[in-house]
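Engineer: starting from these lines, generate the structure:
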Amino acid sequence: MGHKRKETAYVLFGTGDYYQRFRHWFDGRNVLAILDNDRKKQGTVLDGHPVISPEGVTGLLFDAVVILSFYVTEMKGQLMDLGVAEDKIYHFFDLHDLLGMENPGHIGKAGGVKRILLLSHDLSLGGPALALYHGALVLQEHEYDVTFASMLDGELREKLEGQFIPVMVDRRLQIRTMQELPWTQTYDLIFCNTIHYHIFLSDRDEGIPVIWWLHDSAFFYEGIREGKLAGISGRNLKYVSVGPVPRKAMNRYRPDVLIEDLIYGVSDGI
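Structural biologist: As a prediction, this is how the structure comes out:
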């Protein structure tokens, strides 16, 4: 008789915005509980999972605690103070490795019209997404074939569709690499927006030029595993930044790369 494979047991830490963004990756998985420091949430049930205090983690038999927040430094310290081993603590940036996604193969780039893929981390009306939206309008005016894709849906979709710009929402962009998403390899140029795309860029078709537009302060880099950014190949990859703050944040981890400025403006009427 064969042995049944052991099911990985997860504990999630955080019930806020990043829980909402990443919770779908745990649908059907063995989630023992969700930790939260808010006493008002403790004792409730969220998506069928009990919400408990972080101290409750000591009574659980788990394989991994996943921090669903950018306050990773503080939350990781809190877990370690409670006796959780560091090698069992993960961040949502680690989900690609943690969930063990398989590479679905490679599809070569199609020929024809100059096609540009703009990748946003969401379709909110926040600064980075709006800046990329206005970039899409400029490219469209110059008769490029533009597709706007995002990890998550949002209000910006209506504006894009109103301008007849195709919109795609693929949640796999949150945790998969370019090589694992063959549809992204059919473009002549890819424009990645924000640090959220470091996993996507960690294994890519280097024959396709990429522009990586940085918007994020150093705070947003705290959950990235040591060596992840250093491992991203610079071949056919151009770094640009909205200003000195994102540039300094990236150069802290990649002092070897040249980061040029790409400043943006957003019209009053958005």
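Engineer: every contact and neighbour count from this point should use C-alpha atoms.
Structural biologist: OK.
Engineer: can you give me the helices for the protein?
Structural biologist: With DSSP state H as the criterion, the chain has helices at 17-22, 72-81, 95-98, 127-141, 156-162, 198-201, 244-253.
Engineer: and these, which is most packed in?
Structural biologist: helix 198-201 (a mean of 22; mean count of other C-alpha atoms under 10 Å).
Engineer: just checking, what packs against it?
Structural biologist: If contacts are counted by 3 or more C-alpha pairs under 8 Å, 6 or more residues apart in numbering; DSSP states H and E, helix 198-201 sits against no helix or strand.
Engineer: low-confidence ranges in the stretch 51-200 of the chain?
Structural biologist: For the stretch 51-200 of the chain, residues meeting the criterion pLDDT under 70 lie at 101-113.
Engineer: do a quick rundown of the strands in it.
Structural biologist: According to DSSP state E, counting those that start in this stretch, the stretch 51-200 of the chain carries its strands in the segments 64-67, 89-91, 115-120, 145-150, 167-169, 189-193.
Engineer: pull up the pairing partners for the last one, direction included.
Structural biologist: Each strand that strand 189-193 pairs with, and the sense of that pairing, follows from DSSP bridges: strand 115-120 (parallel), strand 210-214 (parallel).
Engineer: coming back round to it: any idea which of the helices of the chain gets closest to residue 217?
Structural biologist: helix 244-253 (5.1 Å; C-alpha to C-alpha).
Engineer: returning to that earlier point: please produce CSV containing the strands paired with strand 189-193, extended by distance to residue 157.
Structural biologist: What follows is the strands paired with strand 189-193, written out as CSV (distance: least, C-alpha to C-alpha, whole Å):
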stretch, distance to residue 157
strand 115-120, 11
strand 210-214, 20
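Engineer: could I get the ones you listed in JSON lines, plus columns for mean neighbour count and distance to residue 126?
Structural biologist: As requested, these are exported to JSON lines (neighbours: other C-alpha atoms under 10 Å; distance: least, C-alpha to C-alpha, whole Å):
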{"stretch": "strand 115-120", "mean neighbour count": "22", "distance to residue 126": "11"}
{"stretch": "strand 210-214", "mean neighbour count": "22", "distance to residue 126": "14"}
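Engineer: of all those strands, which one is nearest residue 144?
Structural biologist: strand 115-120 (6.3 Å).
Engineer: who touches that closest one?
Structural biologist: Residues from elsewhere that reach strand 115-120 (C-alpha atoms under 8 Å, 6 or more residues apart in numbering): 128-129, 132, 136, 144-151, 184, 187-194.
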